[in-house]
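> curious how this folds, go ahead:
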Amino acid sequence: MGDSHLLSGAASPSPSSLKPPGAVTDDLAASVPGSSFAERPRVVPEPPAPGGSFSDPEAEVPALVSMAGGLYPLARAGALRGLAAVLEKAGTSGGVAGGVLECCHGCAVERMRDEDEGVRFAAVRLLGLCAVKLAARVDPDANCYGDQLDMIFLQLSSMARDMCTKVRIEAFGALGKMSRVSEGVLLQSLSKKVIKTDASSGSIINGKKLPPKLKLPCAAGIFAHGIEDEFYQVRTVACKSLGALAKFSTQFAQKALDLLMDMMNDDTEAVRLQTLQALLDMATYGCLSVQEKHMHMFLGLLVDANVLIRDAARKILGLVNLPKLQMFKSAVDGLISSMEKYPEEQDIYGVLFSIGKNHGSFSANIAKHLAKEISMASDGELILDKPRIKALLIVSISTPFSDDKHKKLDIPSIIFLHAVPLLWKVSCALGKVVNQDSLLSYLCRKGGMLFWENSSLSAESGEFEGFSVETMEIGSCTENTAKATKCLDEVLIIRSMKSILETMEGAWTMRKLCNVSEIQTVLRTCKGELKILVEKSSGSTGASLSFLCEYLDAVWFIVEIWQLLRLNNSYVFGQTSLDILLEKLDMSVRRMACCYAGLTREVEVQVLELALLSNLFRLSMIGIHSKVVLDKLLWVINRLEVLCADGSCELSDFSRETKKAFDDNFFGSTRTGDICTLLELFCLKRTTDFGMLKAVRAELHVCDSDSENPLSYICGLPVGVSFNISMWNICSRHRLWLRMIVGESIQHTFLELSCFEGNEEVKSCSIVVPLDATPMACSFSMRVCLVMECPYRGISTHQGGHGGPRDCVVQLSDELDVYFVSTEQR
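Residues are numbered from 1 along each chain as shown. Model (predicted):
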């Protein structure tokens with residue numbers, strides 16, 4: 001083995017013994033900085049005492065240093081790893097720790113140019129550990145140690161260009177863990193052009209002028225090279241280190257931002273995600289200053305196909321400071337576009353509230369323009385279902401919570417008034433800071449609804465405080481009360497829905513304790529109240545109420561099916577009754593799944609659990625143990641696992657046990673009683689948030705025909721029928737058919753959405769659809785309606801046919817009767 005470096009003594013080294021050399025030689029400066037520690041004498045290591053062991057670092061280090069200069073690469077790499085283990089055990093103070101650190105650093109520098117890549121990898125890892133230990137034991141005001149850390153940064157930088165990929169990855173990772181680096185060294189790491197230093201001048205650290213001691217060519221542009229590396233793993237760790245080092249220098253952070261924004265165009269998704277994480281870290285540190293030239297990139301990320309990238313981009317915008325009003329408006333518009341494209345991502349409301357709170361003056365400007373828009377709206381009404389209006393309301397009401405308390409930011413009361421129907425959205429945006437009742441009181445009071453007595457939230461202090469209702473003249477409150485009536489109705493409807501859901505949950509728990517007729521009476525009362533509310537509501541609230549009606553119908557059918565299965569008396573009820581109820585339950589589940597856009601993930605999970613229950617009901621029937629039903633059951637279980645994969649929702653005991661039974665082939669030869677054990681696990685979940693639902697529906701009208709004026713036809717020949725069709729909330733992924741039934745004959749005609757005019761909210765057209773074959777009769781009637789294919793394959797036993805839909809369908813329009821009379825009869 002070669003010569004080894006030994007510890008020169010056990011005494012704690014003084015700062016003067018650890019200071020870097022006066023200069024680095026020119027040829028070495030271009031590659032790797034020289035050792036920064038004093039030269040140590042080379043002596044032959046003393047062998048350990050027989051039977052003894054290395055019990056302290058002073059005894060272990062000499063042997064490991066000797067092995068690090070040995071002949072075999074594996075031995076050299078192992079010795080360096082051993083030194084790292086010893087350094088980990090050593091403390092951060094005392095003479096022994098100082099000597100171990102000095103020796104480990106010198107050995108790591110010597111092995112950095114080893115011909116074996118494994119040795120170089122271990123040397124870089126040891127050098128990074130030396131930087132961590134040195135930073136932990138030095139005084140922040142000790143300039144000599146600051147220069148020492150700069151030297152280690154330069155030594156690691158020289159290894160960031162190593163030919164071995166894993167060495168480069170380790171070097172960039174170690175650079176990101178540096179806890180102190182001077183600004184000049186950091187700036188050089190971004191620039192490929194070597195920064196010239198004046199030999200007669202020195203750097204200024206903590207107000208003290210120091211002579212130039214370090215040459216920086218080895219650090220020139222290492223991060224510029226790192227983010228251009230051919231291997232994405234190197235680019236990823238380089239981006240991570242850039243974000244970690246940004247907290248040391250504002251100027252470095254600004255220049256690093258330009259490099260990181262370029263990385264958002266990287267072909268590898270992992271690099272883009274790590275780049276966004278680095279930007280998020282910079283925003284958290286408060287050193288991310290977004291400029292106008294960067295906005296287009298952030299706005300594009302808000303509508304990216306990857307949900308993780310969209311989420312990270314939104315979080316960054318919620319933290320950064322936007323210096324210009326135009327940039328602020330662009331960010332809000334970008335978030336609105338993201339909301340329109342991905343309505344299921346409800347966390348956007350929290351980001352809107354955060355960005356508005358961080359820019360109080362800009363939010364107040366938005367609020368004033370929105371108030372004018374509300375005042376100019378026809379009849380004083382505003383469509384709150386529009387994503388843009390909801391977003392601007394959230395931004396506007398965040399103004400009182402901003403940090404700009406020194407500025408007078410007056411928000412028109414009409415803003416708070418129209419924010420009342422968005423109570424749940426605002427509450428989610430605020431998190432758990434305030435409950436909904438207190439927030440409702442605050443919004444009503446700010447909106448001029450002084451008759452609402454409750455506790456309120458003080459926006460200025462961020463604390464709850466009680467307020468007394470002021471006495472006011474009837475005439476002075478008439479206008480505000482008239483404006484608030486519709487908003488207050490929305491609030492009362494929300495509370496009514498909550499009450500109905502609680503009543504349904506209570507009725508469900510009664511299913512084993514009382515007669516089914518009593519439960520049906522409770523459900524019938526709830527259904528009557530819901531119908532009254534549906535007639536008075538529209539938009540998203542009306543869609544939520546309609547969805548709740550479907551949900552109540554499904555519960556009704558489940559209760560009846562449960563009763564039939566418990567009685568198990570086919571003589572009284574008949575097998576046909578159970579089949580009809582199962583088909584009705586399937587239809588209700590399909591309508592909930594397909595006829596409402598914007599379902600939250602939690603609600604979708606509940607709908608799928610209803611589908612799971614329906615399939616288990618079919619398995620519990622005699623003779624229904626078919627492969628078709630089992631395939632449907634498997635599809636629902638897989639879909640539930642996908643929705644709960646990220647942890648935002650949890651599988652219920654019912655779903656979990658059903659999946660376990662399916663995996664164990666429980667349904668292969670099971671008895672009906674065993675399946676009923678699984679059915680007992682099902683329970684209703686109370687859901688107060690159905691999201692901002694949109695009802696998918698259609699209206700169908702027959703042109704120039706009714707029972708008094710039938711259409712003419714020639715027996716056996718096709719006849720054209722003119723229809724006016726209007727559809728709401730239909731998108732390109734929907735497949736629509738016109739179903740025409742004459743006797744036992746069914747004809748389906750596919751509707752091309754390209755023929756319709758309008759947007760995704762409303763589409764309409766007038767078309768002529770031929771009825772291919774007319775009967776040989778004097779007259780006949782035809783039933784016609786619009787149906788849509790259900791994208792949830794496998795929920796129903798219905799199969800398409802007659803050249804029509806490929807899967808089960810849901811009916812979107814009312815069924816119309818069209819009358820025909822033969823020309824010979826006229």
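
> where does the stretch 501-650 of the chain have low pLDDT?
Applying pLDDT under 70 to the stretch 501-650 of the chain flags the ranges 512-515, 536, 567-576, 621-626.

> can you give me the strands in it?
Assigned by DSSP state E, counting those that start in this stretch, the stretch 501-650 of the chain shows strands spanning 596-597.

> show me the helices in it, by range?
Ranges of helices in the stretch 501-650 of the chain, per DSSP state H, counting those that start in this stretch, are 516-535, 539-567, 570-573, 575-594, 601-620, 627-643.

> so for the fifth one, what gets flagged as buried?
What that stands for is helix 601-620. When burial is assessed from 16 or more other Cβ atoms under 10 Å, helix 601-620 yields the following buried residues: 602-620. The C-beta positions use only the backbone N, C-alpha and C, and glycine is treated the same way.

> for the first one, same thing?
By neighbour count, and taking 16+ other Cβ under 10 Å as the criterion, the buried residues in helix 516-535 are 516, 519, 520, 522, 523, 526, 527, 530, 533, 534.

> report the separation between residue 423 and residue 506.
Using Cβ to Cβ, to the nearest Å, residue 423 is found at 25 Å from residue 506.

> quick one: which of the two has more around it?
Set residue 423 next to residue 506 and count neighbours by other Cβ atoms under 10 Å: residue 423 wins out with 19 against 12.

> my read: that one touches residue 441, true?
No. Using Cβ atoms under 8 Å, residue 423 makes no contact with residue 441, being 10.6 Å away.

> how about the nearest residue to the residue minimising distance to the centre of the chain, chain neighbours excluded?
Closest residue to the average C-alpha location of the chain: residue 311 at 4.9 Å, with Cα atoms, centre = their mean. If you skip the residues right next to it in sequence, residue 311 has residue 347 as its closest partner in space, 7.2 Å away by Cβ to Cβ, 6 or more residues apart in numbering.

> now the helices of the stretch 501-650 of the chain as a markdown table including distance to residue 775?
What follows is these, written out as a markdown table (distance: least, Cβ to Cβ, whole Å):
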| stretch | distance to residue 775 |
| --- | --- |
| helix 516-535 | 39 |
| helix 539-567 | 36 |
| helix 570-573 | 38 |
| helix 575-594 | 28 |
| helix 601-620 | 37 |
| helix 627-643 | 34 |
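
> Throw the buried residues of helix 516-535 into JSON lines and include distance to residue 810, thanks.
Compiled in JSON lines, the buried residues of helix 516-535 are given as follows (distance: Cβ to Cβ, whole Å):
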{"residue": "516", "distance to residue 810": "28"}
{"residue": "519", "distance to residue 810": "27"}
{"residue": "520", "distance to residue 810": "25"}
{"residue": "522", "distance to residue 810": "28"}
{"residue": "523", "distance to residue 810": "23"}
{"residue": "526", "distance to residue 810": "23"}
{"residue": "527", "distance to residue 810": "20"}
{"residue": "530", "distance to residue 810": "20"}
{"residue": "533", "distance to residue 810": "23"}
{"residue": "534", "distance to residue 810": "19"}
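
> show me where the stretch 651-800 of the chain has strands.
According to DSSP E, counting those that start in this stretch, the stretch 651-800 of the chain carries its strands in the segments 694-695, 697-702, 711-713, 719-728, 736-742, 745-751, 757-758, 762-771, 779-789.

> reformat those strands as TSV; add mean neighbour count.
Converted to TSV, those look like this (neighbours: other Cβ atoms under 10 Å):
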stretch	mean neighbour count
strand 694-695	20
strand 697-702	17
strand 711-713	18
strand 719-728	18
strand 736-742	20
strand 745-751	17
strand 757-758	12
strand 762-771	15
strand 779-789	19
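
> residue 239: which of the ones you listed is closest?
strand 694-695 (39.5 Å; Cβ to Cβ).

> where in the stretch 1-150 of the chain is pLDDT low?
Judged by pLDDT under 70, the stretches of the stretch 1-150 of the chain that qualify are 1-58, 91-98, 138-146.

> where along it do the helices fall?
Listed in chain order (using DSSP H, counting those that start in this stretch), the helices of the stretch 1-150 of the chain are 15-18, 26-29, 57-68, 73-89, 95-111, 117-137, 143-159.

> can you give me the buried ones in the longest one?
It stands for helix 117-137. If you call a residue buried by 16+ other Cβ under 10 Å, then helix 117-137 has these buried ones: 117-135.

> chain center to it: distance?
37 Å (Cα atoms, centre = their mean, to the nearest Å).

> which strands or helices does it pack on?
Counting contacts by 3 or more Cβ pairs under 8 Å, 6 or more residues apart in numbering; DSSP states H and E, the secondary-structure elements packed against helix 117-137 are helix 73-89, helix 95-111, helix 143-159, helix 165-176.

> would TSV of the ones you listed with mean neighbour count and distance to residue 243 be doable?
Formatted as TSV, those follow (neighbours: other Cβ atoms under 10 Å; distance: least, Cβ to Cβ, whole Å):
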stretch	mean neighbour count	distance to residue 243
helix 73-89	19	26
helix 95-111	23	26
helix 143-159	23	16
helix 165-176	23	8
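
> right, and these - which one's nearest residue 343?
Within these, the stretch nearest residue 343 is helix 165-176; the backing value is 37.9 Å (Cβ to Cβ).

> what angle separates the helix or strand just after the closest one from helix 143-159?
Following the chain from helix 165-176 toward its C-terminal end, the next helix or strand by DSSP states H and E is helix 183-190. Angle, helix 183-190 to helix 143-159, by axes from the mean of the first three to the mean of the last three Cα atoms, to 10 degrees: 10 degrees.

> contacts for helix 183-190?
With Cβ atoms under 8 Å, 6 or more residues apart in numbering as the test, helix 183-190 has contacts from 150, 153-154, 157, 175, 194-195, 197, 203, 214, 216, 219-224, 245, 248-249, 251-252, 255-256, 259.

> can you pull the contacts of the residue nearest to residue 651 when sequence neighbours are not counted?
The shortest distance from residue 651 to any non-neighbouring residue, by Cβ to Cβ, 6+ apart, is to residue 644 (5.3 Å). Contact criterion Cβ under 8 Å, 6+ apart gives 605, 650, 651 as the residues in contact with residue 644.

> how close does the last one get to residue 727?
Pointing back at residue 651 there. With distances taken as Cβ to Cβ, residue 651 is found 35 Å from residue 727.

> got it, and the first one?
The gap separating residue 605 from residue 727 is 28 Å, by Cβ to Cβ.

> got it, and residue 760?
The separation that residue 760 has from residue 727, given Cβ to Cβ, amounts to 10 Å.

> what touches both of these two?
Contact with both residue 760 and residue 727 is made by no residue, according to Cβ under 8 Å, 6+ apart.

> buried subset of the contacts of helix 183-190 as a PyMOL selection?
Selecting the buried subset of the contacts of helix 183-190 in PyMOL, with 16+ other Cβ under 10 Å as the burial test, is done by:
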select buried, resi 150+153+154+157+175+203+214+216+219+220+221+222+223+245+248+249+252+255+256+259
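
> out of the contacts of helix 183-190, which are inside helices?
With helices identified by DSSP state H, the entries of these that belong to them are 150, 153-154, 157, 175, 222-224, 245, 251-252, 255-256, 259.

> what is the nearest of those to residue 320?
Nearest to residue 320 out of these is residue 256 (Cβ to Cβ; 14.7 Å).

> picking that back up, make CSV out of the helices and strands packed on helix 117-137 and add distance to residue 733.
Listed next are those as CSV, based on distance: least, Cβ to Cβ, whole Å:
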stretch, distance to residue 733
helix 73-89, 56
helix 95-111, 59
helix 143-159, 52
helix 165-176, 42
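
> out of these, nearest to residue 773?
Put simply, out of the helices and strands packed on helix 117-137 the one that sits nearest residue 773 is helix 165-176, at 70.7 Å, with distance taken as Cβ to Cβ.

> what residues does that closest one touch?
With Cβ under 8 Å, 6+ apart as the test, helix 165-176 has contacts from 117, 120-121, 124-125, 127-128, 131, 153, 156-157, 159-162, 189, 222, 226, 229, 231, 233-234, 237-238, 240-245.
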